[in-house]
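A.B. asks: Please find the sequence and the predicted model below.
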Amino acid sequence: MYGFRATLILILAGGTIPALAEQITCESHQDGVEACTTVLPDSQVKLVRQLGETPCVEGKSWGLDTKLNSLWISGGCRAVFDVKPSRDDPNAKRHEVVLP
């Protein structure tokens, strides 16, 4: 009975474990807009740490291009970003428990 209870707890907890974010460093080298990296559709992107003196402002010097699924950066912005895939992403790692 204990084994079944432990397995059931693992199954229930698996639905609440958040997807891990990947950290990406992006730098703008020119005045124009540059694609920094490709991201999965519906990913959440958050600026974690600015690396330079030029302000990094979402929507102005960095953002997501949803048509191209990419993170863009411009205007000398240099920063580290957390990119967290959507929970509905079929490529995201899933925790599965097989019952005996």
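C.D. replies: Thanks, I have it.
A.B. asks: Skip ahead from the helix or strand of the chain with the lowest mean pLDDT and say which helix or strand is next.
C.D. replies: Least confident element among the helices and strands of the chain, by mean pLDDT, DSSP states H and E: helix 2-14 (a mean of 41). Note on helix 2-14: by DSSP states H and E, the next helix or strand toward the C-terminus is strand 22-27.
A.B. asks: May I have the residues that are in contact with Val48?
C.D. replies: Contacts for Val48 (C-beta atoms under 8 Å, 6 or more residues apart in numbering) come out as 23, 79-82. Just so you know, the C-beta spots here come from the backbone N, C-alpha and C atoms, and that holds for glycine as well.
A.B. asks: Show the buried residues in these.
C.D. replies: Taking 16 or more other C-beta atoms under 10 Å as the criterion, what is buried in the contacts of Val48 is 79, 81-82.
A.B. asks: Please convert these to TSV, extending it with secondary structure and pLDDT.
C.D. replies: As requested, the buried ones among the contacts of Val48 are arranged in TSV below (DSSP: H, G, I helix; E, B strand; the rest coil; pLDDT from 0 to 100):
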residue	secondary structure	pLDDT
Ala79	strand	95
Phe81	strand	95
Asp82	strand	94
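A.B. asks: Could you single out the nearest of the residues you listed to His29?
C.D. replies: Ranking the buried ones among the contacts of Val48 by separation from His29, with C-beta to C-beta as the measure, puts Ala79 on top at 13.6 Å.
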